[in-house]
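Q: From the sequence below, what's the structure:
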Amino acid sequence: MDHRLQQLKADNTHTAWLYLAYLHALTASPLADPFTEITGTESAMQILQSGRCWSCKPYENKESYVILEAIKELSPIRQYYPIKMKKMEVTKWPIGLPGSASQDAYRFIVEKLIHDSSRLEVLFNTNTPKIQDTAKVKDSTSLDLCRRAYLRYQSLISDEGKISSALINLTSTTTNTISTYRSWSHSMTLCDNVKEISELGHCWNHRRTNSSILAGFLITSNDLQGLTNPTILTQMSIVELQGLDLRQNWFNLYELGRMAMKQNLKSEWTILLSVLGFRGLDDVNQLFLLQTVAVHRIFFQAQDPLNYELFSAPNNFFSDTVVKNILAKGVPRDSLDIVLSLAKVLWPVKSYSVSNFEGVTNPANEFSLIKVIDEINRHLPDWNKNSELKQFILKIEQTMAVLPASSSKGLNSSILQQVCLNYQNPSGFSL
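A: The predicted model follows:
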């Protein structure tokens, strides 16, 4: 009892405050408390919507979920009658509770509290009870009817007894949410390095890794997605991150890492990498490399992501063998090496034309030459993009090579000066 304020209080646990809210709700009457001038229902609403009951992680014990289920049972059960026709409504009110104290709002608050507490359940090594395991009564209440009833009588409810409109619009059920998160957590293997990734983000440090792994990771026969919208990654839920393809989103992650500190996204960045590491699906060294980019963003300002939406088969480049095989389809053997040499001298180029090879081939073979040049020109856009990708990766590897093993170790002053000069003049970047 708080003797100064003349009201009940709880200790510093979620369970205690949930129980106090339940006590106020269960003993409520239409009459207000003579000292606080609010009813028990209004007191319960205030406590349940306060930070004392909200949690971003699973509640500490099963008792919290039992109390939440008991609070939800103080709401009327509303169903369509007949169920399939949806023309009439039948309502079952809680026994022993005045109609003014039986609020549909309790159901929405409980749904929201459990929904928020289960969002990061997979990051906690707990055996959180399922809400259906703690439920005493299995009801099939229509949330649409509850929502309609609350909005219909909202004008008759005092300001202290109202709930946020965001709670009314919550459509997902807690049972399905908790079940989805738990099934994912059971199907994943906990990554041994996730703690290190989290600590690196918390201390804003890095762990240098072998940068040569990047080329083998990005340059494969499979198409590669380019830069799209980096910040959308910070808005993805834990479940959505389950299916995130690290390779296809590498450019988005790279750009997000470069802007994390400047745009005050360090927390979002750390959570994102920690969740990706927790999946155990990717080489953790790729995550260490991205963390290095985020910590030392100034060193990577000269390496802007390539402005392409897609890289088709990034392992296909302009090569003597490929070009020679194409030229052999329309160029005589005695002129093949000369034409190939000219093509190599002109490379890189947006397109070839017959005029580039005048005087080295017989005019009688001009038609065949046009055909093979057209075939080469069809490959040039992809070859050019893939060549730029290869150069981009090379510059990333060169920059990584001058960084210390961790941020606690200083950089060589001459190297630091060179990198800073290159940052001021990105076009002249060379290491």
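Q: any idea how far Asn386 is from the residue nearest to Ala343 when sequence neighbours are not counted?
A: Counting by CB to CB, 6 or more residues apart in numbering, Ala343 lies nearest to Val323, which is 5.8 Å off, once chain neighbours are set aside. Yep, even glycine has a C-beta here, placed from its N, CA and C like the rest. Note on Val323: its distance to Asn386, by CB to CB, to the nearest Å, is 14 Å.
Q: repeat for Arg107
A: According to CB to CB, Arg107 and Asn386 sit 56 Å apart.
Q: the more surrounded of these two?
A: Between Arg107 and Asn386, Arg107 has the larger neighbour count (other CB atoms under 10 Å), namely 24 against 21.
Q: and that one, what does it touch?
A: By CB atoms under 8 Å, 6 or more residues apart in numbering, the residues touching Arg107 are Lys72, Ser75, Thr141, Leu143, Cys146.
Q: for Ser353, same thing?
A: Shown in contact with Ser353 (CB under 8 Å, 6+ apart): Ile373.
Q: hmm, try it at 10 Å
A: Ile370, Ile373, Asn377 (CB atoms under 10 Å, 6 or more residues apart in numbering).
Q: okay but the second one is in contact with Leu342, surely?
A: No. In this structure, Ile373 is not within contact of Leu342 by CB atoms under 10 Å, at 11.4 Å.
Q: Can you list the low-confidence ranges for the stretch 151-300 of the chain?
A: Applying pLDDT under 70 to the stretch 151-300 of the chain picks out residues 166, 168-192.
Q: May I have the phi/psi pair for Leu310?
A: phi -150, psi 140 (degrees, to the nearest 10).
Q: how far away is it from Val354?
A: In terms of CB to CB, Leu310 sits 30 Å off from Val354.
Q: how close does Lys350 get to Ala25?
A: With CB to CB as the criterion, Lys350 and Ala25 are 73 Å apart.
Q: quick one: which of those two has more around it?
A: Ala25 (26 against 8).
Q: That one reaches Pro98, doesn't it?
A: No. Look at Ala25 against Pro98 with CB under 10 Å: they stay out of range, at 11.3 Å.
Q: circling back: which helices and strands does the helix or strand containing the residue nearest to Ala343 pack with?
A: Per DSSP states H and E: Val323 is located in helix 320-327. Judged by 3 or more CB pairs under 10 Å, 6 or more residues apart in numbering; DSSP states H and E, helix 320-327 is in contact with helix 333-346, helix 366-401.
Q: now the strands for the stretch 101-250 of the chain?
A: All strands of the stretch 101-250 of the chain, identified by DSSP state E, counting those that start in this stretch, fall at 224-225.
Q: how close does Ala149 get to Gly99?
A: 12 Å.
Q: Just give the closest residue to Trp269, not the sequence neighbours.
A: Ala260 (4.1 Å).
Q: measure that neighbour to Glu121 for me?
A: 25 Å.
Q: What of Leu20?
A: Counting by CB to CB, the gap from Leu20 to Glu121 is 25 Å.
Q: low-scoring stretches of the stretch 1-150 of the chain, by residue?
A: Residues of the stretch 1-150 of the chain that meet the criterion pLDDT under 70 lie in 1-6, 122-139.
Q: could you redo the last one with a cut-off of 90?
A: 1-14, 25, 27-62, 75-150 (pLDDT under 90).
Q: all helices of it, in order?
A: 14-26, 40-48, 62-72, 105-117, 131-134, 143-152 (DSSP state H, counting those that start in this stretch).
Q: got a markdown table for those helices, with distance to Ser55 too?
A: Below are those laid out as a markdown table (distance: least, CB to CB, whole Å):
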| stretch | distance to Ser55 |
| --- | --- |
| helix 14-26 | 6 |
| helix 40-48 | 12 |
| helix 62-72 | 9 |
| helix 105-117 | 5 |
| helix 131-134 | 14 |
| helix 143-152 | 23 |
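Q: mind checking which of these is nearest Leu403?
A: Nearest to Leu403 among the helices of the stretch 1-150 of the chain is helix 105-117 (39.2 Å), distances taken as CB to CB.
Q: Figure out how far that closest one is from the centre of its chain.
A: Remark: helix 105-117 is offset 23 Å from the chain centroid, using CA atoms, centre = their mean, to the nearest Å.
Q: right, and the helix or strand after the host helix or strand of Leu273?
A: Applying DSSP H and E as the criterion places Leu273 in helix 266-279. Sequence-wise, the next helix or strand downstream of helix 266-279 (DSSP H and E) is helix 284-295.
Q: picking that back up, out of the contacts of Ser353, who has the most neighbours?
A: Result: Ile373 is most packed of the contacts of Ser353 (other CB under 10 Å), 22 neighbours.
Q: mind checking the SS state of the spatially closest residue to that one that is not a sequence neighbour?
A: Nearest residue to Ile373 in three dimensions, chain neighbours excluded: Tyr352, at 5.0 Å (CB to CB, 6+ apart). Secondary structure, DSSP: H, G, I helix; E, B strand; the rest coil: Tyr352 is coil.
Q: And Tyr352, its phi and psi?
A: According to degrees, to the nearest 10, Tyr352 has phi -100, psi 160.
Q: So it versus Ala343, what's the distance?
A: 7 Å.
Q: Please apply the same query to Arg119.
A: 57 Å.
Q: what about these two, which has more around it?
A: Remark: of Arg119 and Ala343, Ala343 carries more neighbours, 21 against 16, as counted by other CB under 10 Å.
Q: surely the more buried one meets Asn356?
A: Yes. The pair Ala343 / Asn356 is scored as a contact, 7.9 Å apart, by CB under 10 Å.
Q: shared neighbours of those two, which are they?
A: Val349, Ile373.
Q: Just give me the residue closest to the centre of the protein.
A: Against the mean C-alpha coordinate of the chain, by CA atoms, centre = their mean, the closest residue is Met236 at 3.4 Å.
Q: What sits closest to it if chain neighbours are left out?
A: Met236's closest residue in space is Leu244 (CB to CB, 6+ apart), at 7.2 Å.
Q: Who are the contact partners of the one you found?
A: Per CB under 10 Å, 6+ apart, neighbours of Leu244: Leu233, Met236, Asn252, Leu253, Leu272, Val275, Leu276, Arg279, Leu281, Asp282.
Q: Could you list which residues are in contact with the fourth one?
A: Leu253 is in contact with 230, 233, 244, 246, 269, 272-273, 276, 286-287, 289-290, 293-294, counting by CB under 10 Å, 6+ apart.
Q: 7 Å instead, please
A: Contacts for Leu253 (CB atoms under 7 Å, 6 or more residues apart in numbering) come out as Leu233, Leu290.
Q: So it lies in a helix, does it not?
A: Yes. Judged by three-state DSSP, Leu253 forms part of a helix.
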